[in-house]
Every structure is written in structure tokens, then in C-alpha cells.
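*Asks:* missing the sequence, but the structure's below:
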């Protein structure tokens, strides 16, 4: 029996079915047995520049040989942290000048943003503003704030109340947002939303939705937090999805694509409204041992350089319609109900009737695809996640589509 505890897993099943990954190159991975897999998900949405980038490993080694890590509390900093903060501030969708607060990842970024909005309103003389509004289907990490803000029932059921003063509204429902703002008038601190719902099934916003959200928040004086942990750093062809959707947030949470997963790193970008109030309000007593970790920041800088030099944002833009065309063809399959795309993301939703009759269909489909050499992932009990690295090719899209067809059919046959 292994001591390793898998996240998000039933350990009674995980250990006997474990796949031990050994190496990667581009969009491909190999396990310890030498089996080769096409990764259709960029792992957990993060490996934007692909696997096997020696220049990122070399940048990490160079920084570690000089200064692996040091605290950034009080007056201390490192050159990579300073340079990365400036770079992120330059490309941010917020109204600057910006402040960039580094975290260990996306979950930490959401917790940090939750504390930032509370601190902001205390300093503004409205400490009663403690409510944060989130949406059905939302995923905002798994720390205390993120778990409480979760709009995916399986992620918040069974824990009890971790953070109070959280209100949930419909994912594309302006009326429910309006009602929540009015019912909690003067108490709402912020609204948090993914530009495109990710783990909840890759669900793009309705036309005019974000324009309506921003109008309502302005009317009620409420802060807007854009959770760009999945969508940030090029997946929509722009640095942040907020740009392509006309969103101007007060705060942005980000992680994943900032390093393409080569080292853990996240951040909260605070636009001037929040930054100036908190910076002028005394010490913000919050942080992490590894905030602004020098090696992680050095890798992030190198990763952003790759995205720029290889024009991978432009590539993501050009691949997006190809992804939409190729994956939409799956809607011809009787067991596939809908394909939703946004940028370089797709959600392939299985038939609701088939899932009602056979709840295990989706999970078996994931296994059948893996047996055929393609890695996909189940979302929200209904949907297959597609979020390939930016270096993927049209021929690799075709292989993923063909494999999903075969996997769904094989999974359905197993239920008979």
C-alpha cells in the first residue's frame, strides 16, 4: 500500500488504477510503462506552452543556483519577483496602476482576494460589506473561501460552513444577481466570476451578460473579481479572457498558465481602486512563506517570454476556430448532447438521458479514452474537458475527436 494520497480521489479505487507519469514532450506524455498519451487537457488546464521545455528547467536551475528562495515579508524582495510583478501589471485587464500579490496557486489567490475585498471595505468605512456573490457552476479553488464560493455541489457538500456571507446566483442570470444585490443592499463586498465557467462544464457567458453584470455592480458600488486562473495568459488569444469579453475587473486571480505549471505560482492583481486604498491603509497582514518565490517567478518570466517570442497567443486565436469546427462535429453522435467552445477550451456534454440511465457513462468514457492513448477529464458529472496546450496541432485535434467517438461508444457498450 502506498502512502501517497491522491487529491479529488476515492482512495479505495485510485491506488489500484494508478498511472505513474514519467516524462512529457509537447502535447504528449509517457508513463513508467512506456505508454504514450496525447494530453487533451494541458493537465489541469495549465501546461500552455507544452511539456519538455528545457529553457524553463534551465531558468529554474540558474535561479536556484544563485538564490533558490527567500522571504518577501517586510522590506525583502528578489529581482525575479519585482520583474514579474511589473510584467503582469503591464498586461493586466485592470485599471492601473496595479499591485500584484503573489501566492502559491489559484486557491490561495482566491482566499487572498476574499480577504482583500473585506480589508478594502473596512478601510473605506463600510465594514458591513462582507458578502461575496458567486455563481452556480463556479470553481474557485479548494481553500476555505474557494470551497464556500463553489457553485459545484460536490465541492462544497459535506464540509459545513467554512466562510459565511456567501450568496450564490445563476451562472447567466442577471435577474438573480439583481435580486441578490437588492436583498443584501449595502452588505455586498464583491462579485466573483470566471469569464467562462471552466470546471463547471466550459460554459460561455450569454450575449451581453458581462456588460449587464458590470452595470449592476457599478449601480451598487460592488467590486468585481475576475477569476482567470484557467483563462489567463493566452488561452483566449488575449493575455486575459477579460479583454476579449469586455470585462474591466477590480481584482484578478490568476495562476496555472503563468508558469505553464513548471513551478507552482499564483497571484492577485489589484487595480488602483483596491491597491491604493489598501497600500495607504497600513500593513496588510496576509501572505505566504513562498509569496514571490524567486525560482517560480524566474520560470514565470521565461514562460511569458516563450508565449511572446513564439506568438502563442496568436496561435491560440488561430486554433480556436479549428477546435470549434472539429469538436462540434461530435454533436452528430447520439450520446453527445452539446459541444461548447470558448477560446482554446471545449466542453463535450454527454446526453442527459443517457447519463440518467447510466450515471457511470462519463467516468468510463474517460477510462476508455485513456486506454486508447488520449487523456481527457470529466467535469461536473456531465462534460468532457478539452483544453489543449497552445502547441497542439489540427491533426492532434482530429485524433482527440476520433478517440472520444470510440471511447463514448465503448463505454456505452460496457453498460449493456
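*Replies:* Nice, thanks for sending it over. Just so we're clear, the structure is a prediction, and the values are computed from it rather than from any experiment.

*Asks:* Quick check: closest non-adjacent residue to the residue nearest in space to the middle of the chain.
*Replies:* For the chain, the residue nearest the mean C-alpha position is residue 230 (2.3 Å; Cα atoms, centre = their mean). Leaving aside its sequence neighbours, residue 230 sits nearest to residue 198 (Cβ to Cβ, 6 or more residues apart in numbering; 4.1 Å). Backbone N, C-alpha and C define where each C-beta goes, glycine included.

*Asks:* mind listing the strands for the stretch 251-400 of the chain?
*Replies:* 251-254, 266-270, 336-342, 345-350, 374-375, 377-379, 383-386 (DSSP state E, counting those that start in this stretch).

*Asks:* Got the phi and psi for the residue nearest to the centre of the chain?
*Replies:* The phi/psi pair for residue 230 (degrees, to the nearest 10) reads phi -90, psi -40.

*Asks:* Is it in contact with residue 202, as I believe?
*Replies:* No: here residue 230 does not reach residue 202: they are 9.4 Å apart, not a contact under Cβ atoms under 8 Å.

*Asks:* which neighbours do these two share?
*Replies:* Contact criterion Cβ atoms under 8 Å, 6 or more residues apart in numbering; residues shared by residue 230 and residue 202: 196, 345.

*Asks:* per-domain residue ranges of this structure.
*Replies:* Listed by automatic domain parsing, the domain ranges of the chain are 11-52+311-414, 55-309.

*Asks:* in what helix or strand does the residue nearest to residue 126 when sequence neighbours are not counted lie?
*Replies:* Spatial nearest neighbour of residue 126, excluding adjacent residues (Cβ to Cβ, 6+ apart): residue 186 at 7.5 Å. For residue 186, there is no host helix or strand (DSSP states H and E).

*Asks:* wait, what's in contact with residue 186?
*Replies:* Applying Cβ under 8 Å, 6+ apart, the residues near residue 186 are 126, 128, 129.

*Asks:* okay, the first one: pLDDT?
*Replies:* The reference is to residue 126. Looking at residue 126, its pLDDT is 98.

*Asks:* and what of residue 143?
*Replies:* 96.

*Asks:* which stretches of the stretch 301-416 of the chain have low pLDDT?
*Replies:* Within the stretch 301-416 of the chain, the ranges that satisfy pLDDT under 70 run 416.

*Asks:* Going along the chain, name the helices of it.
*Replies:* 312-328, 352-357, 361-371, 394-414 (DSSP state H, counting those that start in this stretch).

*Asks:* May I see these arranged in a markdown table, with mean neighbour count as well?
*Replies:* Shown next, in a markdown table, are the helices of the stretch 301-416 of the chain (neighbours: other Cβ atoms under 10 Å):
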| stretch | mean neighbour count |
| --- | --- |
| helix 312-328 | 18 |
| helix 352-357 | 13 |
| helix 361-371 | 19 |
| helix 394-414 | 18 |
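
*Asks:* would you say residue 75 is within a strand?
*Replies:* No: counting by DSSP: H, G, I helix; E, B strand; the rest coil, residue 75 is not part of a strand but coil.

*Asks:* gap between it and residue 6?
*Replies:* Using Cβ to Cβ, to the nearest Å, residue 75 is found at 40 Å from residue 6.

*Asks:* Among those two, which residue is more densely surrounded?
*Replies:* Neighbours per residue, other Cβ atoms under 10 Å: of residue 75 and residue 6, the larger number sits with residue 6, 12 against 5.

*Asks:* Please report how far the residue lying closest to the more buried one once chain neighbours are set aside lies from residue 283.
*Replies:* Distances taken as Cβ to Cβ, 6+ apart put residue 14 closest to residue 6, at 4.5 Å, once the chain neighbours are dropped. Using Cβ to Cβ, residue 14 is found at 43 Å from residue 283.

*Asks:* which residues sit in contact with the nearest residue to residue 359 once chain neighbours are set aside?
*Replies:* Closest residue to residue 359 apart from its sequence neighbours, by Cβ to Cβ, 6+ apart: residue 381 at 7.8 Å. By Cβ under 8 Å, 6+ apart, the contact set of residue 381 is 154, 355, 359, 362.

*Asks:* Just put these in a markdown table and tack on distance to residue 314.
*Replies:* What follows is the contacts of residue 381, written out as a markdown table (distance: Cβ to Cβ, whole Å):
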| residue | distance to residue 314 |
| --- | --- |
| 154 | 37 |
| 355 | 38 |
| 359 | 42 |
| 362 | 34 |
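
*Asks:* which of those sit farthest apart?
*Replies:* 154 and 355 (14.7 Å; Cβ to Cβ).

*Asks:* so where does the residue nearest to residue 6 fall, helix or strand?
*Replies:* helix 11-14.

*Asks:* partners of the next helix or strand after that helix in the sheet?
*Replies:* With elements assigned by DSSP H and E, the helix or strand that comes after helix 11-14 is strand 21-25. Its sheet considered, strand 21-25 pairs with strand 28-31 (antiparallel) by DSSP bridges.

*Asks:* so what strands line up beside the following helix or strand past the strand it pairs with?
*Replies:* Per DSSP H and E, strand 28-31 leads on to strand 36-39 as the next helix or strand towards the C-terminus. When pairing is defined by DSSP bridges, strand 36-39 lines up against strand 28-31 (antiparallel), strand 374-375 (parallel).

*Asks:* pLDDT averaged over strand 36-39 - what is it?
*Replies:* Here the average pLDDT along strand 36-39 is 98.

*Asks:* from the chain's centre, how far out does stretch 80-91 sit?
*Replies:* Here stretch 80-91 is found 20 Å from its chain centre; the criterion is Cα atoms, centre = their mean, to the nearest Å.
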